[in-house]
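>>> Quick one: sequence plus predicted model below, questions after.
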There are 2 protein chains.
Amino acid sequence: MADILNRQDVDFLLHDWLKVDGLLAAPLYAETSRETIDALIDLAETIAETKFLNHYKAADANEPQMTAEGGAQILPEIAEGVRAFAEAGFMAAPFAAEHGGLQVPQLVYQAAMAHFYAANVATAAYPMLATANARLIAAFGTPTQVAKFALPALEGRHLGTMCLSEPQAGSSLADVRTRAVADGEDALGARYRLTGSKMWISAGEHDITPNIVHLVLAKVVGPDGRLPVGTKGISLFIVPRLLDDGAGGTTRNDIALAGLNHKMGYRGTTNTLLNFGEGRAEPFGAAGAVGYLVGQEGDGLPQMFQMMNEARIGVGLGAAALGYRGYRLAVRYAQERQQGRTGRDPAAAPVPIIEHADVKRQLLTAKTYAEGALALVLYCAKLVDETLVGDGRDEAEALLGLLTPIAKTWPSEYGLLANDIAIQVHGGYGYTRDFDVEQLYRDNRLNPIHEGTTGIQGLDLLGRKVLRDRGGAFALLRARIAATIAAAREADGLGDAAAALEALDASLGEAVETLLGTADSAAAMWNATPFLWAMGHVVVAWLWLDQAVAAGRADVDSAFAAGKHAAARFFLEVEGPRVAPWLALVVRGSDTAAALGAASF
Amino acid sequence: MADILNRQDVDFLLHDWLKVDGLLAAPLYAETSRETIDALIDLAETIAETKFLNHYKAADANEPQMTAEGGAQILPEIAEGVRAFAEAGFMAAPFAAEHGGLQVPQLVYQAAMAHFYAANVATAAYPMLATANARLIAAFGTPTQVAKFALPALEGRHLGTMCLSEPQAGSSLADVRTRAVADGEDALGARYRLTGSKMWISAGEHDITPNIVHLVLAKVVGPDGRLPVGTKGISLFIVPRLLDDGAGGTTRNDIALAGLNHKMGYRGTTNTLLNFGEGRAEPFGAAGAVGYLVGQEGDGLPQMFQMMNEARIGVGLGAAALGYRGYRLAVRYAQERQQGRTGRDPAAAPVPIIEHADVKRQLLTAKTYAEGALALVLYCAKLVDETLVGDGRDEAEALLGLLTPIAKTWPSEYGLLANDIAIQVHGGYGYTRDFDVEQLYRDNRLNPIHEGTTGIQGLDLLGRKVLRDRGGAFALLRARIAATIAAAREADGLGDAAAALEALDASLGEAVETLLGTADSAAAMWNATPFLWAMGHVVVAWLWLDQAVAAGRADVDSAFAAGKHAAARFFLEVEGPRVAPWLALVVRGSDTAAALGAASF
């Protein structure tokens, strides 16, 4: 086994910590048992190793290429990996039985997915996007749209994308210029013709499946020929690469691959500029790419945000998994590489570098980042389950909304730092392409950018999820933190850590209270990102302490439990003190940066 | 002009802040004037732009290749760049007139060098290594060795390397296994035959110049046939790629290119595994690569450390320059890219993203890192000058020794973070290879590794430079910090920042006093790296405040001075609070990581 993640930890997280068993009593998950969970994780480990990890470097070295026909040719092993994934049922795993799905709990599904991300995030992006796309259509589409555009994805017969950004509109979706003009109706719904360019479209073109179902944000042209202003005028359209020609065959929709982006990492995933309705094809004898409206005009952004929230947790999971594999590779390297001595006898044999205090410090730091990030995302995956089953659905919904920007950002920032440390532990070797750690680092650098940058997540967290919510979900979170602190006080050796978390939680609570009591929050928003960092650290510190409590109780081996305890104490000791200074910037509305004129940079 | 660095800032640093004029009164620098300095910086800007920046991307995309003959073929533009550099006199610039040098102050030389590093660090590495190599030979070699192996480098007729590491001996030089056996004497000195492998040798093979002068650490085989144990038995040898054949031509020495390392970045610089004396050639009819001893047997490590200290400052300068160019590119992008709005009217035109508070926060952070790093390294360059001229040579020597691990590490860590921010400000574009910022980030990731990792620098700083020195140099540093605090108290708007620095300085001073009063420093050494971070931050905070004082006094435009003021206040406000928690780890001898067993990671 390649030990892509650490199976002992995965089992601990699922069973001892998050107690997945508690979910299985619900009728929704009646088909899932401890045995099926073990089998699914086994299967994920095997396919991740044999069909994803096997071409990790090859896909980096051999980027997608544009073909003479305007397609994108990718490494054949990527398509094989995606097929193996679909054939093993991972596409269907998170779907409801009514859609032919396996109805696996999100917690289990995401734990399985972590293996694919860790082994080869660029290959895993294809099925991840297809799944998110199909779930959105399943949620908002008509039965005909679901049958045509969602269900085939469960069998891997087509893949999908989400098309939001445009060259001039990245973070600012209000500025999308893609135009939709009504074009009657057919069996698949209200038909429109789309014209415009979409940028940064992952999996926008490839040769894995003939059809690709794009979900495209566009604005419907008004009676005055203009596009509506702002985000409220955004609608969502299903725009398939291939259209039925009415004679049992297919015809090309008017979607042209205008270019491939060449990235620092994540190279196996095609990243495309797509032109819709530029006139290369005239499907059904008219201009514009054919698209079918999902729901009603103007519903586009809220619909897309369902997919986006799922995608944000997916980004967090991918970032955590990349950091995690880097950490595991660094541990193994440090156990094997002999260098230097711990004593003063120069004639003594060199020791494995894991014996050096500074290497231990680096590895323990990486452990708190990587395992902490995975724990955070799996905690959120369990919240997704709790929105569907059990008695606390509203609470779960509220907590999930609050934690989503953190689940997206914290793993993206600190998973990357775990990768940075993994390189450092490898020394010069880690900087070469002979070792995976440099690629993991390049791959992970994307994650703080896509699906909403860190800055965007900070605005979402502080502006929408904390202040506009008037601290409602935030109070639910604090109650859970308090429960962990109480449990830790009763546990062996965690008293200091419990006290440290209590102080962090209090400082966060006071800061939020102050901000809620301030009439104008504009000054607080200048430092929304430091607020995100601070709250992220408190949340991860809480989950670390919670893991340590569970490790102390559980029937796990003592070296493993000692690692969880040490990591919890270390995180509180070393990372905890960063929280108060970040909060201070927000609370006092520091304008040192915001007040500086553009000419002074 | 490509604005590789910010000329206004370079001029400010040299003239208004570091007052290079004060050095020029010394006879050593009698040939240098304000006019020659301006001309040299102008020339550096021009050559850096036209001969280094011109192939920045091409050298990344077209890595060095091994040839069928066992050589390394590099991009021709690299050789052209190195030749232009040498022809313009930059090789000779830092050398003494007696060696044909231009005797330029180190401060001016390094300010010029920063442009080459910023424009193309991989091309600049060739002349940087050759210069350091030649300076070492000039310092310790015999007149014949200097004439033969150092002086041609000043004209770019050959280049040079430093060969320390071996596959099994990276940070632990005590374990070098390269063997040297005495082989008589010739006109070039005591001759030895060398056998062994050297790893990570930058510029170890290339087609820029036919000859390459290697400086090789090896151990002389004892009478018992064994190598001496530890570092004391290490000697230094000049091992040229080409030997005079005694008939007016040359013959190949027995040095074989065993492999090229393929790196994440810094790709234009060949990085090689070299085999010495493996028998491919038998120069002068005997086995082993021919090498000439420098100085005496066993002097190798102290000699090499002269070059190493110079190289460490060079690494810091390169890291600062890479971070600096990334910062400048981010500022320019943020001024040009239109996205989003600062008010609530969705119909308003988008604004340049530099108007968004979070982008300003990111840019000001990057400014404190990039400009702070450059200031630190140039301050150290001036200390090099002060070891040569003026009344404070001993003080300068002591301060330089103390600051060298910081000058190497801080720019490597924080210059990289400036590059990270530059990517983030570019959004998705920054992750593509169409923009330079992703390459700058990959290039800069090497710097925390080579010439002594961050962990090694931490041990050097706390163990050797602070504790073993009993705080001697440290007291000199604190006196300079105190002078800046006193000046800042008199300056407009810097009172709070002065008080903040005073508190940081006091906490550092107390920590060192406590550590010096502890009988056993082993526990402190567990956290030598956090000590390095803490002291690095105090030093950079001091230099920021010192710059702000100078900017307030100087005849510089107000937008520029406002930027320096804001950066100083921001660094103290945002980064300052990190210092005390780092110091606390060292002072209390936190063993959370050090005590954890290898099986618990």
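Good, I have the coordinates.
>>> what are the ranges of the strands in the stretch 201-350 of chain A?
Using DSSP state E, counting those that start in this stretch, the strands of the stretch 201-350 of chain A run over A:212-220, A:234-240, A:242-244, A:250-252, A:255-260, A:271-276, A:289-293.
>>> since we're on the residue of the stretch 151-300 of chain A at minimum distance from chain B, how many residues are nearby?
In the stretch 151-300 of chain A, the residue that lies nearest chain B is residue A:230 (3.4 Å; CB to the nearest CB). For glycine as for every other residue, the C-beta is placed from the backbone atoms N, C-alpha and C. Neighbourhood size, residue A:230 [other CB atoms under 10 Å in any protein chain shown]: 14.
>>> Does it touch residue A:175 like I think?
No: using CB atoms under 8 Å, residue A:230 is not in contact with residue A:175; the gap is 9.3 Å.
>>> Show me what the host helix or strand of residue A:78 packs onto, helices and strands only.
Under the criterion of DSSP states H and E, residue A:78 resides in helix A:76-87. With contacts taken as 3 or more CB pairs under 8 Å, 6 or more residues apart in numbering or on different chains; DSSP states H and E, helix A:76-87 sits against helix A:34-47, helix A:56-61, helix A:106-140.
>>> OK, contacts around residue A:136?
A:215, A:294, A:303, A:304, A:306, A:307 (CB atoms under 8 Å, 6 or more residues apart in numbering or on different chains).
>>> What is the neighbour count of the first one?
As a burial measure, residue A:215 scores 27 neighbours (other CB under 10 Å).
>>> swap in the fifth one?
A count of nearby residues for residue A:306, using other CB under 10 Å, gives 14.
>>> And for the second one?
Counted with other CB under 10 Å, the neighbours of residue A:294 add up to 25.
>>> next one: the last one
By other CB under 10 Å, 26 other residues sit near residue A:307.
>>> which ones are touching it?
A:132, A:133, A:135, A:136, A:162, A:215.
>>> nearest residue to residue A:279 other than its sequence neighbours?
Residue nearest to residue A:279 in three dimensions, not counting chain neighbours: residue A:287, with 6.2 Å by CB to CB, 6 or more residues apart in numbering or on different chains.
>>> hang on, the one you found packs against residue A:278?
No: applying CB under 8 Å, one finds residue A:287 not in contact with residue A:278, separated by 9.4 Å.
>>> Next, show the common contact partners of these two.
Joint contacts of residue A:287 and residue A:278 (CB under 8 Å, 6+ apart) are A:195, A:254.
>>> secondary structure element for residue A:192?
Secondary structure assignment for residue A:192, by DSSP H and E: strand A:189-202.
>>> what lines up beside that strand in the sheet?
Next to strand A:189-202 in the sheet, as set by DSSP bridges, lie strand A:179-186 (antiparallel), strand A:271-276 (antiparallel), strand A:289-293 (antiparallel).
>>> Spell out which parts of the stretch 351-500 of chain A neighbour chain B.
When proximity is defined as CB under 8 Å from any CB of the partner chain, the stretch 351-500 of chain A approaches chain B at A:352, A:354-365, A:367, A:420, A:423-424, A:427-428, A:430-434, A:438, A:441-442, A:445-446, A:448-450, A:453-455, A:458-459.
>>> Buried subset of those residues, written for ChimeraX?
Buried subset of these, written as a ChimeraX selection, criterion 16 or more other CB atoms under 10 Å in any protein chain shown:
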select /A:352,354,355,356,357,358,359,360,361,362,363,364,365,367,420,423,424,427,428,430,431,432,433,438,441,442,445,446,448,449,450,453,454,455,458,459
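>>> Skip the chain neighbours and tell me the closest residue to residue A:157.
If the residues on either side of it in the chain are set aside, residue A:157 comes closest to residue A:209, at 6.4 Å by CB to CB, 6+ apart.
>>> again with residue A:62
Here the residue nearest residue A:62, using CB to CB, 6+ apart, is residue A:75, at 5.3 Å.
>>> Wait, that neighbour touches residue A:57, no?
No: Residue A:75 is beyond contact range of residue A:57, at 10.6 Å (criterion: CB under 8 Å).
>>> on that earlier part again, now do the residue nearest to residue A:279 against residue A:183, distance only.
Computed as CB to CB, to the nearest Å, the residue A:287 to residue A:183 distance reads 10 Å.
>>> any common contacting residues for the two?
Taking CB under 8 Å, 6+ apart as the contact criterion, the common neighbours of residue A:287 and residue A:183 are residue A:193.
>>> per-domain residue ranges of chain A.
Domain assignment for chain A, taken from automatic domain parsing, gives A:7-154, A:160-298, A:454-592.
>>> Turn the ones you listed into TSV, including mean pLDDT.
Formatted as TSV, these follow (pLDDT from 0 to 100):
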stretch	mean pLDDT
domain A:7-154	96
domain A:160-298	96
domain A:454-592	96
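>>> Which one of those domains lies nearest to residue A:391?
Residue A:391 lies closest to domain A:7-154 among those, at 10.5 Å (CB to CB).
>>> Pull the distance from the closest one to the chain's centre.
Chain-centre distance of domain A:7-154: 13 Å, with CA atoms, centre = their mean, to the nearest Å.
>>> Quote the end-to-end distance of it.
By CA to CA, to the nearest Å, the extent of domain A:7-154 from end to end equals 27 Å.
>>> Tell me which stretches of the stretch 501-601 of chain A form helices.
A:522-525, A:528-553, A:558-570, A:579-587 (DSSP state H, counting those that start in this stretch).
>>> Going by neighbour count, which residues of the shortest one are buried?
Of the residues in helix A:522-525, those with enough neighbours to count as buried (16+ other CB under 10 Å) are A:523, A:524, A:525.
>>> from the residues you listed, which are also near chain B?
Filtering the buried residues of helix A:522-525 for proximity to chain B by CB under 8 Å from any CB leaves residue A:525.
>>> Out of the buried residues of helix A:522-525, which is nearest to residue B:117?
residue A:525 (37.8 Å).
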